[in-house]
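S.K.: Sharing a model that was predicted from the sequence below.
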Amino acid sequence: MLDIRLIRTQPGQIRDLCKRRKSPVDFDAMLALDEQVRKLTTEMEELRRQRNEGGGAANREAMREAAVALRQKIGELEERLRVVREQRDHQWSMVPNFLAEDTPAGADDKDNVELTSWGEKPDAGVARKTHEVIGKTLGIIDEERGTKVSGSGYTYWVGDGARLAWGLYSLALDYLVQRGFRQMFTPVVTRERTLFGTGYLPFFRDQIYHLEGEDLNLIGTSEQTMVGYHMDETLAAQRLPLLYTSFSPCFRTEAGSYGKETRGMFRQHQFHKVEQIVFCTPETSDEWLEKTRENVEGLMRLLDIPYRVVRVCEGDMGAPGYKKYDVEGWFAGFGSYRETHSCTNLLDYQARRLNIKAKQDKTSFVPHTISSTMITDRALLAILENNQTADGSVMVPKALRPWVDGRDRIEPVV
RNA sequence: GGAGAGGUGGCUGAGUGGUCGAAAGCAGCGGUUUGCUAAACCGUCGUAGGCCUUUAAAGUCUACCGGGGGUUCGAAUCCCCCCCUCUCCGCCA
């Protein structure tokens, strides 16, 4: 959500922004609606003032008739105002965020720009299996039973697989806690208000699991509950930055993504993620975006997963994003890099929607938020594909060995 | 899930239809006094939005007493629905 006053004073700039970001907003209609809102507000407030003036017990008999008429007029205006304001707010809420100046042009992920890469990709000469085949051979991934119990898109991690996954999350959380992040466990369901505030609604409604008959939805990421944590609060500016991390399951319907990368566990209805969240001052959000990206890179190096960092282009970034990096891990079975992380600077877009403010002495401002993946179980899939050996076993990265009794490899089941 | 009580400004807490945005106290802020600390005294002290204004300030108006709706000339006060908190019972990790 952008500051409405900014939209009023810089309509040309924002109109161009909407166009560039292919926003469905009818910008000129929104401006007209906004003008109407203000006009009706002024009218209504004038009538209310008249009503308030006429109040008082002394002359109520004499005033009654006029007062009733006034009440009706006020009621009609209120109703009109409500309708117009709703229409304006609907358009307003879809106005996309600003774009960082150096955002690459482009339509989709093919236009993202590689910035750096790290790590030795495993020998490409060998025929490499994909993770679901490896996982089945090792007895650590059970897709059949996942489907039996919960339907397609749900999978069991079993035995050493579950232990490796657990290690992955522990390692990620410890890494962040050591760098000043406060660890949380959050609810995994949330109200619509939070989803709107974090910018998931109205844009991604079809991605969200809704609990029937309740104002509750399964979270798609703990970003929703961690950023929502401070909704309707005024933070003391000296407390910034606030650094949070949590592990949570994440639920996404993945409607419309059939056929795309659906093989194996790459795209699931439920996955697991450690997330980093930063609330900071507007002046420092650029820096914090880089720091969250560095945290990701540090962890990927610990896990010895080759990766590259790409700058996400304008067409591949959701409306709330201002600047976004994707980190893509190498998947030897697929023979390509695939998205394992995204780090996004949202500026004040979420904070404004969530009514989060910060206050320095007497002056208040809207803080910025950064949202970044730290690790998900997708990384484990990359490890399986990259670390497979000729005998069918998988080498365990050093950093994860403590979680499998110090063993350096997972052997096929016989 | 059942029964009861309750949600008022940063906090405590008055206020059951008429200038109530809301008493009082505490905390905060400014000042006076005072060896220091402290105390006393005086003043000040909410948020959001519209209008005005080059912006801001100032000014002015409107709204806000958990949220929404209703009754009324008029609602913090009356009625309905919802959310939340507390106590007791039941259930349970």
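M.R.: Structure's in. What do you need? Predicted model, so just to flag it, every value in this text is computed and none were measured.

S.K.: can you pull out the helices in the stretch 151-300 of chain A?
M.R.: A:160-177, A:192-197, A:223-228, A:285-302 (DSSP state H, counting those that start in this stretch).

S.K.: what's the distance between the last one and the middle of its chain?
M.R.: With CA atoms, centre = their mean, to the nearest Å as the basis, helix A:285-302 stands 17 Å off its chain's centre.

S.K.: what's in contact with it?
M.R.: A:118-119, A:171-172, A:175-176, A:179, A:241, A:276, A:278, A:280, A:307, A:309, A:323, A:325, A:327, A:329, A:340-341, A:343-345, A:347, A:368-370, A:372-375, A:379, A:397, A:399 (CB atoms under 8 Å, 6 or more residues apart in numbering). All C-beta spots, glycine's among them, are computed from the backbone N, C-alpha and C.

S.K.: what about chain A, any weak spots by pLDDT?
M.R.: When residues are selected by pLDDT under 70, those of chain A lie in A:54-63, A:258-262.

S.K.: Pick out the residue closest to the middle of it.
M.R.: Residue closest to the mean C-alpha point of chain A, counted by CA atoms, centre = their mean, is A:Glu223 at 5.7 Å.

S.K.: Leaving out chain neighbours, which residue sits closest to that residue?
M.R.: Closest residue in space to A:Glu223, ignoring its immediate chain neighbours: A:Ser371 at 4.6 Å, by CB to CB, 6 or more residues apart in numbering.

S.K.: What is the distance between whichever strand or helix holds the one you found and the centre of its chain?
M.R.: Secondary structure assigned from DSSP states H and E places A:Ser371 in strand A:368-376. Chain-centre distance of strand A:368-376: 8 Å, with CA atoms, centre = their mean.

S.K.: got the buried residues for that strand?
M.R.: A:368-376 (16 or more other CB atoms under 10 Å).

S.K.: What are the contacting residues of stretch A:346-365?
M.R.: Applying CB under 8 Å, 6+ apart, the contact partners of stretch A:346-365 are A:1-3, A:93, A:97-98, A:194, A:196-199, A:227-228, A:230-238, A:240, A:279, A:281-282, A:285, A:320-322, A:366-371.

S.K.: What subset of the residues you listed is buried?
M.R.: Among those, the ones that count as buried by 16+ other CB under 10 Å are A:1-2, A:93, A:97-98, A:194, A:196-199, A:227-228, A:230-231, A:235, A:237, A:240, A:279, A:285, A:320-322, A:366-371.

S.K.: quick revisit: ok, then the element right after the strand holding A:Ser371?
M.R.: helix A:378-386.

S.K.: Whether stretch A:341-356 contacts RNA strand B - can you check?
M.R.: No - judged by CB under 7 Å from any atom of the strand, stretch A:341-356 and RNA strand B are separated, with a smallest distance of 8.7 Å.

S.K.: Would you mark the buried spots in that stretch?
M.R.: Across stretch A:341-356, burial judged by 16+ other CB under 10 Å covers A:341-354, A:356.
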